[in-house]
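A.B. asks: Got a sequence here, can you build the structure:
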Amino acid sequence: MAIIGRKHSGKTTLVVRLAAELHHRGHRVMTIKHGAHTFNIDPASTDTYRHYHEGHAERVAMVAPDKFALVMRWSDELGPEAIAERYLADADVVLCEGFKASALPKIEIHRREAHATPLLGGADVDASTYVALVTDDDAIGTDRPVVRLGTDGWLEDVASLVERDIMRR
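C.D. replies: Sure, this is the predicted structure:
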């Protein structure tokens, strides 16, 4: 499933808090973060950086006693569904941050402080993929479930919605 929203709306915070709540409930949670720009997971002074950038290795695996990371080159970006199937198939749930154009079921987070309107209702997203809208804006009306951000139990309500409407599909 995808957590979407405009820039600075709180997507990362929602993904992190929701992942923690679902983990607390006993689920195996994995996440995918969509980025518009390239990234480096280690600084230029490291050997693994050199393997990838100077050695032009197609894939570099970084292994430590408590972590494993794989960085690989690709020319065609995989969608979140393919990434989850290929690399995260043993998850109970995969929370994706971003990917608003995907066919994934979506929860949008919208805060009045960050933007006047949500993505919902605009041309950038397919409203039929929405599971819910999480917002602090009482003026927004929609036929989709709305979770009022900041009310008592709002995070637990979102987690329950994910369990009921996403994980049981």
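
A.B. asks: quick one: buried residues of the longest helix seen in the chain?
C.D. replies: Taking DSSP state H as the criterion, the chain has its longest helix at helix 11-24. Neighbour counts over helix 11-24 (16 or more other Cβ atoms under 10 Å) mark 11-12, 14-15, 18-19, 21-22 as buried. Using the backbone N, CA and C atoms, a C-beta is placed for each residue, glycine as well.

A.B. asks: ok, and for the helix or strand following it, which residues are buried?
C.D. replies: Using DSSP states H and E, the helix or strand that follows helix 11-24 in sequence is strand 29-33. The neighbour-count check on strand 29-33 (16+ other Cβ under 10 Å) flags 29-32 as buried.

A.B. asks: now stretch 60-71
C.D. replies: Buried-residue list, stretch 60-71, by 16+ other Cβ under 10 Å: 60, 62, 71.

A.B. asks: Among those residues, which are located in helices?
C.D. replies: Using DSSP H, none of the buried residues of stretch 60-71 sit in helices.

A.B. asks: Please identify which helix or strand holds the closest residue to I4 other than its chain neighbours.
C.D. replies: Distance criterion Cβ to Cβ, 6 or more residues apart in numbering; nearest residue to I4, sequence neighbours excluded, is K100 at 4.3 Å. Using DSSP H and E, K100 sits within no helix or strand.

A.B. asks: for K7, what are its contacts?
C.D. replies: A114 (Cβ atoms under 8 Å, 6 or more residues apart in numbering).

A.B. asks: How about the secondary structure of it?
C.D. replies: coil (DSSP: H, G, I helix; E, B strand; the rest coil).

A.B. asks: can you map out the helices along this protein?
C.D. replies: 11-24, 47-53, 80-87, 154-165.

A.B. asks: centre of the chain versus the shortest one, how much separation?
C.D. replies: Right, the one you point to is helix 47-53. 28 Å (Cα atoms, centre = their mean, to the nearest Å).

A.B. asks: so what secondary structure elements neighbour that helix?
C.D. replies: strand 59-64 (3 or more Cβ pairs under 8 Å, 6 or more residues apart in numbering; DSSP states H and E).

A.B. asks: Export the buried residues of strand 29-33 as JSON lines, with columns for distance to R111 and pLDDT.
C.D. replies: JSON lines is the format used below for the buried residues of strand 29-33 (distance: Cβ to Cβ, whole Å; pLDDT from 0 to 100):
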{"residue": "V29", "distance to R111": "23", "pLDDT": "98"}
{"residue": "M30", "distance to R111": "26", "pLDDT": "97"}
{"residue": "T31", "distance to R111": "21", "pLDDT": "97"}
{"residue": "I32", "distance to R111": "23", "pLDDT": "96"}
